[in-house]
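J.: A predicted structure for the sequence below; I have some questions about it.
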Amino acid sequence: MNSSHRTYSEQRTRRSLLTKAGLVAGGVGVTLLHGSERAVAQTVAETMDIAPPPDNQALRLRPSGNVPPSVSVGGAFNLDNTASTGAGAVLYSNQGAGALGRLLVVNQANPDNPQHAVRIQNSGIAHAVSIFHDPAGGAGDATAEALDVVSTNPLDSTLGIRGCEQGRGTVKITHSKPTGADDNAAALSIALIGAGTGCQGIFIGNSTGDQTTGSLIDVRNGGPGNERLVLTADGGLQLPVQGPGAGVVIGSDANLYRSAPSLLATDGGIQANIVQLPPQATLPEAPETGQQARLYVSTGKLVIEWSDNGRVLYTTLSLDSLGPKYMRTTPTPP
């Protein structure tokens, strides 16, 4: 029945129930009674159905003084749901496209307030916060995120997460393939915007000097044993996959990979620039017996020099050109 067609008896009953709760109902909704005497707590053992006129709040609470800050018995509004196994508070709406207001609004407007706007504390075994986002049965919207977090504070992180996991990631992202193609999707997407920004894409470290003994980066394509890239705690970069299908590819066609134990290979070629010798450069003395050989360029030839039982031996290889700009003018030893 519409509230405008309530009988006089129904309206009187409604007023009586609200009066028991220290409230008064009138043409402008429901407000608190502010009497001169100290309010006495009242117990209402009946269900109250409050239906104010349009454009008026159903219930307004205006404390006349401080209320306890306790997280169990404090608050201007306190709901103790201990005696019930059901939900403590349910906000529900079936409003469609014409909805103008949000279902829940927490607005702390004073910039000097040092307290959290919202604090959730959970000692149970279930999630502290669970968000299930299912717009239009999964059809989605390009601007409808499950969680939208924005901060204009440049002095601290927008999102701080701490954990003490033993066998899980502090942050775990799981991407489930949707019905359509997801070739352009990413489990983690980082956008660095703003002309002249110096923001780092990914930073690993801390300000305390603590060092981990675990890998700094461990990238797999599948489960354990499918490592593709590992950066150890000591700074070693590992590419576990062998053969020309892995390794390092530079410029889309120059590759470097492990072809056999302790053997590095490439499908292309390797070019190395030989150190140029100034015109008056003095070559080092011939190595002593048992020492390593030396390598240098002279008059268009590559010279390999070594010692064998006190004898200095040479091997020369002709080069395709005259070699470096500055050549040693001393004739090649016999």
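T.: Looks like it came in fine. Quick caveat: nothing in here was measured; it's all calculated off a predicted structure.

J.: low pLDDT regions in the protein?
T.: Flagging of the chain using pLDDT under 70 yields the residue ranges 1-40, 272-292, 320-334.

J.: how many residues are close by D80?
T.: Using other Cβ atoms under 10 Å, D80 is surrounded by 9 other residues. Any C-beta I mention is one placed from the backbone N, CA and C, and that applies to glycine too.

J.: can you check R220 too?
T.: 13.

J.: which one is it nearest to, not counting chain neighbours?
T.: Leaving aside its sequence neighbours, R220 sits nearest to N226 (Cβ to Cβ, 6 or more residues apart in numbering; 4.7 Å).

J.: any idea how far V219 is from the one you found?
T.: Distance, N226 to V219, by Cβ to Cβ, to the nearest Å: 9 Å.

J.: how about I120?
T.: Counting by Cβ to Cβ, the gap from I120 to V219 is 34 Å.

J.: what do you get for L159?
T.: L159 is 23 Å from V219, by Cβ to Cβ.

J.: quick one: which of these two has more around it?
T.: For L159 and V219, the more surrounded residue by other Cβ under 10 Å is V219, and the numbers stand at 11 against 8.

J.: how would you label Y296: helix, strand or coil?
T.: With DSSP: H, G, I helix; E, B strand; the rest coil as the basis, Y296 sits in strand.

J.: quick one, helices of the protein?
T.: 8-20 (DSSP state H).

J.: which residue ranges of this structure form strands?
T.: Assigned by DSSP state E, the strands in the chain fall at 23-26, 29-32, 217-220, 227-231, 237-238, 248-250, 254-260, 263-265, 294-298, 301-308, 311-318.

J.: buried ones in the last one?
T.: In this case it means strand 311-318. Neighbour counts over strand 311-318 (16 or more other Cβ atoms under 10 Å) mark no residue as buried.

J.: which helices and strands does it pack with?
T.: On a contact count with 3 or more Cβ pairs under 8 Å, 6 or more residues apart in numbering; DSSP states H and E, strand 311-318 meets strand 301-308.

J.: list the neighbouring strands of the strand it packs on plus their orientation.
T.: Sheet pairing of strand 301-308 (DSSP bridges) gives strand 294-298 (antiparallel), strand 311-318 (antiparallel).

J.: just give the nearest non-adjacent residue to L295, would you?
T.: With Cβ to Cβ, 6+ apart, the residue lying closest to L295 is I304, at 5.7 Å.

J.: and the one you found, how many neighbours?
T.: By the criterion of other Cβ under 10 Å, I304 has 13 neighbours.

J.: one more: T212?
T.: 10.

J.: and the closest residue in space to it that isn't next to it in sequence, how far from E165?
T.: Nearest non-adjacent residue to T212, counting by Cβ to Cβ, 6+ apart: A233, 5.6 Å away. Separation of A233 from E165 (Cβ to Cβ): 18 Å.

J.: for I161, list the residues it contacts.
T.: Shown in contact with I161 (Cβ atoms under 8 Å, 6 or more residues apart in numbering): 170-171.

J.: how close does it get to K172?
T.: Using Cβ to Cβ, I161 is found at 11 Å from K172.
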